[in-house]
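[1] Provide a 3D model corresponding to the input given below.
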Amino acid sequence: MSETEDLIRFTLDGREITALPGETLWQAARRAGTDIPHLCHLPEPGYRPDGNCRACMVEIEGERVLAASCIRKPTPGMVVHSASHRTEKARAMVFELLLADLSAREAAPDPDAPFWQWAERVGVTASRFANGRTSSHDGTAQAGHALLAQPPHDTSHVAIAVNLDACIACGLCARACREVQVNDVIGMAFRGLDTRPVFDIAAPMGASTCVACGECVQACPTGALFEKSLMDAAARQRTVVADRHVDSVCPWCGVGCLTRVAVKDDTIVQVDGRNGPANENRLCVKGRFGHDYIRHPHRLTVPLVRREDAPKRGDITVDPANPWTVFREATWEEALDRAAGGLKRILDAHGPSALAGFGSAKGSNEEAYLFQKLVRQGFGTNNVDHCTRLCHASSVAALMEGVGSAAVSAPFNAALEADCILVIGARPAQNHPVAATYFKQAAKGGATLIVADPRGQDLMRHATHALRFKPGTDVALLNAMLNVIVDEKLYDEQYIQGHVDGFTALREKVAAFTPEAIEPVCGIPAETIRTVARTYARAERSIIFWGMGVSQHVHGTDNSRCLIALALITGQIGRPGTGLHPLRGQNNVQGASDAGLIPMVFPDYQSVADDDIRARFEDLWGRPLDPVRGLTVVEIIDAIHEGSIRAMYIMGENPAMSDPDQIHAREALARLEHLVVQDIFLTETAWHADVVLPASAHAEKLGTYTNTNRQVQLGRPAVPLPGKARQDVALIIEIANRLGLGWTYADVGEVYEEMRSVMPSLAHISWERVEREGSVTYPAPADDAPGTEILFAQGYPTKDGRARLVPADLSPPDELPDAEFPLVLTTGRLLEHWHTGSMSRRSSVLDAIEPEAMVAMHPGEIGRRGLAAGEMVRVETRRGTITLRLMADRQVAEGMIFIPFCYGEAPANVLTNPQLDPFGKIPEFKFCAARITPAG
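    Purely as a prediction, here's the structure:
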């Protein structure tokens with residue numbers, strides 16, 4: 001049957017329209033341009049219609065009663081009236097009854113909410129009926145309601161205000177929480193007029209397990225759940241009406257949620273999710289509530305130069321509220337002349353190898369491209385890197401080696417099409433919360449979810465199998481799974497013959513890794529290993545996601561090689577619902593890497609050592625280029641100590657917080673003869689600078705960003721720059737031209753088009769197309785064709801079109817626990833804070849939720865060591881010591897401690913091991929030996 005034959009033809013308000021298969025009357029009417037009122041229904045993806053508010057009732061000829069159009073599906077020849085006298089009277093009655101129980105519009109928490117807009121459109125502004133609320137709504141419990149009585153106003157949550165006197169019991173908040181975000185915090189309690197949302201078992205919202213994603217706020221049609229910051233404003237002036245709305249993209253993690261930013265008086269007052277391919281209107285706590293960091297008092301607004309009486313020190317005490325002890329204000333001309341002049345002085349005296357640059361994964365693609373071009377063309381060196389070296393460099397190394405591409409083979413949304421999902425070494429509910437919603441939805445839909453992590457995590461609640469293996473034994477566990485698949489002939493022999501090399505060597509390597517032999521090594525029962533391996537291999541569609549728990553090891557590349565082998569030998573790649581996906585960390589770490597902000601390749605991972613490739617870039621950029629791969633992040637720090645690197649230009653990166661062995665890193669920064677830092681805050685790194693250039697925040701600039709799904713997306717400026725701050729692109733160009741490069745870019749679009757000309761991955765994705773569509777997945781087969789979401793269906797981008805298996809042997813962590821340092825220290829992120837905390841610690845909501853540095857430890861381990869949760873403790877490794885508060889956390893394995901690395905007052909990376917993976921050159925952040933004692 002053809003698609004045309006599948007269409008259902010029916011009559012709506014006197015005209016014939018068609019409905020697609022599965023569409024409801026409401027959906028078909030909307031597509032045909034007819035608006036039908038709705039309160040309990042949202043058209044956004046993930047929301048099922050409920051049919052409980054009766055605002056969308058329509059009349060169907062031949063039927064006695066009206067029908068809810070959001071749940072009723074049309075049939076051929078059906079005759080429907082959405083605006084008959086009967087439907088309009090019924091609809092008005094619904095609004096009048098609801099209005100009877102609400103405060104007047106002028107006193108409503110959100111007088112511009114959808115309820116009030118629809119009430120106005122149906123002509124209802126007042127109600128003839130008495131308020132039907134019972135006394136339990138004023139906090140006075142009725143019989144049987146004592147435990148569940150709630151006051152009408154609950155402001156206990158940091159970000160969200162609850163206004164039950166504005167609630168119409170539509171149930172959207174519960175569906176938003178349970179079915180879209182799958183957080184299971186909100187439920188509907190009581191019956192009849194007493195029906196209302198409750199949080200957990202009727203706890204105050206601030207004391208509940210709410211993670212502040214704000215999906216309920218965006219879904220609520222009345223403002224019963226509303227941004228607390230806007231409630232405060234409403235208390236002062238009764239309403240906050242935005243001057244304008246700007247469509248943009250979230251500045252936080254690699255998910256790349258599209259956003260709608262509301263601006264009033266050049267200040268961001270509200271952020272909602274848009275229907276982007278990565279988020280389908282969803283956001284997390286950072287994306288929705290973490291926007292106010294850009295107007296923090298610490299924001300840099302004037303150029304600064306170091307005072308003559310402020311010598312550099314590696315152990316400097318950072319006080320961003322009082323920079324004048326170290327810096328003085330400068331004009332732009334002085335600051336730029338000093339910045340470029342110092343770089344040129346070192347270049348002329350010591351040559352290109354004495355300079356290096358760190359770019360940023362928080363900046364745009366255009367900024368990344370210009371920054372690496374400046375270092376290569378202007379400095380004459382490949383000593384350029386960014387934070388990908390600290391997150392997924394080992395994954396990139398393994399992927400390039402195995403499949404010829406460093407990007408993901410399928411988007412994370414493909415989890416919804418998978419039968420089996422393996423998540424290993426990643427905590428998506430904390431680090432990629434919106435991506436995690438798809439994993440949770442898939443598990444609720446029947447997919448097998450396997451979560452493997454030494455630490456427990458919230459996602460394990462949804463998992464079929466939760467594997468808490470011993471830290472550092474990833475290769476052992478994965479090789480045991482490969483052993484089962486090979487030994488039981490669960491591999492896809494036809495796929496291997498057609499597409500994969502190296503199977504014989506892999507089979508020989510994993511032969512000794514039987515589950516029985518590996519059980520005491522990794523701590524997972526042999527039968528569980530067999531079950532998980534069989535489940536993954538036998539599923540029709542299996543997909544793998546991994547994070548920095550896999551990559552941040554000295555054997556991180558080997559970990560990724562094993563995951564790649566799992567997919568290749570089973571043929572679980574190149575089809576919908578299958579593939580390999582390293583969840584990228586920062587918002588543009590994929591794009592910055594693609595744009596060449598790494599030391600061994602030009603844009604699109606083209607080797608700097610290849611004569612033909614280098615010649616093409618020399619022709620474009622008009623200068624000879626360095627044929628030798630540059631130094632990586634940690635290697636540059638070591639080279640400063642050795643005296644070979646003397647000057648640096650750092651844009652938006654904070655190595656004084658993010659690098660391992662932080663004391664070593666800060667001492668290196670202090671040794672530099674000249675350091676230029678371009679940033680929005682006076683970061684820990686900027687305190688070591690000679691010149692500080694105040695730059696643009698994400699919400700103040702135009703540019704493209706590439707998320708973990710390979711979606712190139714447009715970020716638009718929402719607010720103006722503060723004070724004398726300037727655009728990052730303009731500052732890079734100023735430095736370049738003071739070095740004699742003669743750049744003449746007219747706008748950001750011109751930069752993008754030059755970048756696109758040297759990046760085959762961006763073929764058919766013009767600046768005009770990105771502006772028009774907002775989000776385009778690469779690669780795109782044609783100018784007017786959608787991007788390709790699933791890669792490798794026809795082979796691999798290698799010289800012979802075949803993938804390559806690389807066997808991995810056991811390699812222990814560099815530093816094992818011993819009698820002196822008996823614990824394993826691992827580091828990572830929190831849901832509310834991001835990377836080094838320079839942005840999230842300056843967001844009022846985010847910092848209020850997690851304001852204090854802490855070390856997490858299993859309560860059993862706390863008791864055995866004679867410690868007490870809540871006390872201050874000293875954590876030591878062979879590199880340093882920090883003092884912070886002890887927190888009990890059952891998710892942390894016994895014998896292990898966890899410290900987030902976002903707190904400048906207790907920087908975890910003082911402790912971490914700088915030993916590198918030999919292939920990806922990534923430090924071992926996830927494992928080192930530590931001890932813990934009372935602080936005294």
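
[2] In the chain, where is pLDDT below threshold?
    1-5, 133-151, 232-240 (pLDDT under 70).

[3] which of the residues in the top helix by length along it are buried?
    Scanning the chain for the longest helix, with DSSP state H as the assignment, gives helix 332-350. Going by neighbour count (16 or more other C-beta atoms under 10 Å), the buried part of helix 332-350 is A335, L336, R338, A339, A340, G342, L343, K344, I346, L347, H350. Quick note: C-beta positions are derived from backbone N, CA and C, even for glycine.

[4] Thought I735 was touching the fourth one, still the case?
    So that's A339. Yes. Judged on C-beta atoms under 8 Å, A339 makes contact with I735 at a distance of 6.2 Å.

[5] list residues touching both of these two?
    With contacts defined as C-beta atoms under 8 Å, 6 or more residues apart in numbering, the residues adjacent to both A339 and I735 are Y649, V676.

[6] re the thing from before, out of the buried residues of helix 332-350, flag the one nearest to Q606.
    Nearest to Q606 among the buried residues of helix 332-350: L347, at 24.9 Å, using C-beta to C-beta.

[7] Next one: that closest one relative to V484, how far apart?
    As for L347, its distance to V484 is 57 Å (criterion: C-beta to C-beta, to the nearest Å).

[8] Same question for Y438.
    From Y438 over to V484 (counting by C-beta to C-beta), the distance is 28 Å.

[9] Tell me which of the two has more neighbours.
    Y438 (25 against 22; other C-beta atoms under 10 Å).

[10] Where does that one fall, secondary structure wise?
    Element membership for Y438, per DSSP states H and E: helix 433-444.

[11] May I see the buried residues of stretch 711-722?
    Q711, V712, Q713, L714, G715, R716, P717, A718, V719, L721, P722.

[12] who touches the first one in this structure?
    In other words, Q711. G256, G276, P277, A278, P411, S775, V776, T777, Y778, G787.

[13] ditto for the fifth one
    Contacts of G715 were listed using C-beta under 8 Å, 6+ apart, and they are S248, V249, P251, S364, H698, K701, L702, G703, T704, Y705.

[14] That one: what's its closest spatial neighbour, skipping adjacent residues?
    If the residues on either side of it in the chain are set aside, G715 comes closest to V249, at 4.7 Å by C-beta to C-beta, 6 or more residues apart in numbering.

[15] Can you give me the neighbour number for that neighbour?
    So V249, with other C-beta under 10 Å, has 29 neighbours.

[16] any idea how far it lies from A512?
    Per C-beta to C-beta, V249 is found 48 Å from A512.

[17] ok but I268 is inside a strand, no?
    Yes. The assignment for I268 (DSSP: H, G, I helix; E, B strand; the rest coil) places it in a strand.

[18] still on that earlier bit, go ahead and measure how far the helix holding Y438 is from the middle of the chain.
    14 Å (C-alpha atoms, centre = their mean, to the nearest Å).

[19] other SSEs contacting that helix?
    For helix 433-444, the packing partners by 3 or more C-beta pairs under 8 Å, 6 or more residues apart in numbering; DSSP states H and E come out as strand 420-424, helix 428-431, strand 448-452.

[20] now it and strand 420-424, what's the angle there?
    Here helix 433-444 points in a direction 140 degrees away from that of strand 420-424 (axes from the mean of the first three to the mean of the last three C-alpha atoms, to 10 degrees).

[21] Can you mark which positions in helix 433-444 are buried?
    Of the residues in helix 433-444, P433, V434, A435, A436, T437, Y438, F439, K440, Q441, A442, A443 count as buried by neighbour count, 16+ other C-beta under 10 Å.

[22] The spatially closest residue to the fifth one that is not a sequence neighbour - how many residues pack around it?
    With sequence-adjacent residues excluded and distances taken as C-beta to C-beta, 6+ apart, T437 is closest to Q181, at 5.3 Å. Other residues near Q181 come to 27 when the count uses other C-beta under 10 Å.

[23] just I613 next, same as before
    17.

[24] Provide the partner residues of R306 in its beta bridges.
    F327 (DSSP bridges).

[25] which residues sit in contact with it?
    With C-beta under 8 Å, 6+ apart, R306 has these contacts: K312, V326, F327, A689, D690, V691.

[26] From these, list the buried ones, please.
    K312, V326, F327, A689, D690, V691.

[27] Now E59. Its backbone dihedrals?
    According to degrees, to the nearest 10, the main-chain angles of E59 amount to phi -100, psi 130.

[28] Isn't it up against V79?
    No. Here E59 does not reach V79: they are 9.1 Å apart, not a contact under C-beta under 8 Å.

[29] Neighbour count for these two, which is higher?
    E59 (19 against 14).

[30] which residues does the more buried one contact?
    For E59, the contacting residues are L66, A67, V80, H81, S82, S84, R86, T87, by C-beta under 8 Å, 6+ apart.

[31] Filter these down to the buried ones and hand me the ChimeraX line.
    Only the buried entries of the contacts of E59 go into this ChimeraX selection, using 16+ other C-beta under 10 Å:
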select :66,67,80,81,82,87
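
[32] quick one: the most centrally placed residue in the chain and E750, what's the gap?
    Closest residue to the average C-alpha location of the chain: C253 at 2.5 Å, with C-alpha atoms, centre = their mean. Computed as C-beta to C-beta, the C253 to E750 distance reads 29 Å.

[33] quick check, nearest of the buried residues of helix 332-350 to Q372?
    Scanning the buried residues of helix 332-350 for proximity to Q372, where the rule is C-beta to C-beta, the winner is L343, at 15.3 Å.

[34] For the closest one, which non-adjacent residue is closest in space?
    Closest to L343 by C-beta to C-beta, 6+ apart is A647, at 5.6 Å.
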